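S.K.: I'll drop the sequence and a predicted model, then ask my questions.
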Amino acid sequence: MSRRAVPDRPRRRSPEPGAARDGDALPAVARTATGTARLLPDIDRPGAMLLTLDEVPQSYVDPADPARLEFEYVRRLAYLVDAFFPAGGPLAAVHLGGGGLSLARYVAHTRPGSTQLAVEIDAPLAAFVRERLPWDRRWRLRVRAADAREALASRRAGSADLVVSDVFAAARTPAHLTSVQYVRLAAAALRPGGLYAANVADGAPLAFARGQAATLRAVFPHAALVAEPSVLRGRRFGNLVLAASRSPLPDADLARRAAGDPFPARVITGAALDAWIGGAAPVDDAQAAASPQPPPGAFEV
């Protein structure tokens with residue numbers, strides 16, 4: 001089972017293997033525990049790389065500028081973090097889903113002194129990323145090879161400010177990471193003023209996403225949904241970012257940041273979120289199912 005981050009859509013294309021221009025870095029390829037990983041150089045930005053796993057885009061990393069986030073949903077996660085926590089303050093963060101560590105690199109860069117754990121079940125993939133895209137040794141960033149739920153269950157209670165769930169296997173969120181029981185483990189790991197965020201991929205009629213929102217609402221008193229209008233209307237398959245906390249969320253600040261993105265997104269909270277959830281019920285382990293299979297061409301390089 002891979003731990004991959006599914007992007008909305010890459011904003012610039014990279015060359016296929018063998019297609020690099022003279023002087024460009026050639027794509028790096030590795031067989032991992034869950035598939036074939038490739039690091040494709042960005043022909044417009046020297047040193048930057050797009051990580052794919054079995055041709056599915058997973059992460060974009062610019063080592064020279066960790067604050068550069070190319071995937072829309074990763075930027076929305078960053079907006080959420082920056083709106084919720086005091087600017088520049090260090091965080092104790094847990095990233096469930098490793099990949100290229102885009103968000104972890106962003107947090108380390110913008111919040112010096114942060115202590116972060118990234119959980120990646122595919123150990124060879126993590127080693128490939130560490131070798132080809134090493135991070136600043138001064139960062140307190142550790143990668144652990146483990147299942148996301150097992151890692152949460154072993155986490156000391158009240159030890160994290162931030163828990164981010166961004167876990168995909170073959171472009172689908174595994175069923176055991178979609179339930180109330182899973183979210184309760186995340187809630188237990190958080191400090192009282194902590195934040196839980198999840199990346200969800202879905203398409204019309206958005207039944208999976210509504211169930212995930214209902215699941216968060218069953219555990220946390222405050223929740224929010226961030227997504228592009230086209231995804232919310234079911235016009236295309238895409239990413240939705242869910243957030244929850246025991247503390248009130250910065251709705252207005254988050255909405256301002258999301259609206260100012262190159263691909264503007266809406267923020268839904270409170271009664272409007274409850275109305276959007278409709279009759280969807282929280283997901284229990286016994287009924288949990290993986291997220292929908294993306295349609296052909298939904299996530300292409």
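M.R.: Right, received. Where do you want to start? Residues are numbered from 1 along each chain as shown.
S.K.: quick one: contacts of stretch 132-144?
M.R.: For stretch 132-144, the external contacting residues (Cβ atoms under 8 Å, 6 or more residues apart in numbering) are 28, 39, 49, 51, 61, 63, 98, 100-101, 104-105, 108, 113-120, 126, 130, 151. (C-beta placed from N, C-alpha, C; glycine too.)
S.K.: Drop anything exposed from the residues you listed.
M.R.: Among the contacts of stretch 132-144, the ones that count as buried by 16 or more other Cβ atoms under 10 Å are 28, 39, 49, 51, 61, 98, 100-101, 104-105, 108, 114-120, 126, 151.
S.K.: For the stretch 51-200 of the chain, which segments count as strands?
M.R.: 56-61, 92-96, 115-119, 140-144, 160-165, 190-202 (DSSP state E, counting those that start in this stretch).
S.K.: want to try a markdown table for the ones you listed, with mean pLDDT and distance to R246 as columns?
M.R.: Shown next, in a markdown table, are the strands of the stretch 51-200 of the chain (pLDDT from 0 to 100; distance: least, Cβ to Cβ, whole Å):
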| stretch | mean pLDDT | distance to R246 |
| --- | --- | --- |
| strand 56-61 | 94 | 30 |
| strand 92-96 | 98 | 16 |
| strand 115-119 | 98 | 21 |
| strand 140-144 | 97 | 25 |
| strand 160-165 | 98 | 12 |
| strand 190-202 | 97 | 6 |
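S.K.: Including distance to S291, could those strands go into TSV?
M.R.: Formatted as TSV, the strands of the stretch 51-200 of the chain follow (distance: least, Cβ to Cβ, whole Å):
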stretch	distance to S291
strand 56-61	14
strand 92-96	15
strand 115-119	18
strand 140-144	24
strand 160-165	12
strand 190-202	6
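S.K.: And these: which comes nearest P262?
M.R.: With Cβ to Cβ as the criterion, P262 lies closest to strand 56-61 of these, at 14.1 Å.
S.K.: re the thing from before, the strands of the stretch 51-200 of the chain: which one's closest to R75?
M.R.: The closest of those to R75 is strand 56-61. By Cβ to Cβ, the value is 10.8 Å.
S.K.: now that closest one: how far from the chain's centre is it?
M.R.: Distance of strand 56-61 from its chain centroid, counting by Cα atoms, centre = their mean, to the nearest Å, is 11 Å.
S.K.: Count the residues that sit near G97.
M.R.: 27 (other Cβ atoms under 10 Å).
S.K.: Also A64?
M.R.: Neighbours of A64 using other Cβ under 10 Å come to 10.
S.K.: from memory it sits against R105, does it?
M.R.: No - when contacts are counted by Cβ atoms under 8 Å, A64 is not listed as touching R105 (11.2 Å).
S.K.: Give the buried residues for stretch 31-44.
M.R.: For stretch 31-44, burial by neighbour count (16+ other Cβ under 10 Å) applies to 32, 34-35, 37-43.
S.K.: which one among those residues gets closest to P294?
M.R.: Of the buried residues of stretch 31-44, the one sitting nearest to P294 (Cβ to Cβ) turns out to be G35, at 15.5 Å.
S.K.: got the contact list for the nearest residue to the closest one once chain neighbours are set aside?
M.R.: Distances taken as Cβ to Cβ, 6 or more residues apart in numbering place D54 nearest to G35, at 3.9 Å, with adjacent residues excluded. For D54, the contact set (Cβ under 8 Å, 6+ apart) comprises 34-36, 170.
S.K.: Closest one of those to A271?
M.R.: Nearest member of the contacts of D54 to A271, counting by Cβ to Cβ, is A170, at 36.4 Å.
S.K.: among the contacts of D54, which are in strands?
M.R.: Mapping the contacts of D54 onto strands (DSSP state E) picks out T36.
S.K.: picking up where we left off before, max pairwise distance over the buried residues of stretch 31-44: which two?
M.R.: Taking Cβ to Cβ, no two of the buried residues of stretch 31-44 sit farther apart than T34 and I43, at 27.2 Å.
S.K.: Report the contact partners of V231.
M.R.: So, once contact is read as Cβ under 8 Å, 6+ apart, V231 ends up touching 202-203, 237-240.
S.K.: tell me the phi and psi of W276?
M.R.: phi -70, psi -40 (degrees, to the nearest 10).
S.K.: how about the nearest residue to it, chain neighbours excluded?
M.R.: Using Cβ to Cβ, 6+ apart, the nearest residue to W276 is I268, at 5.6 Å.
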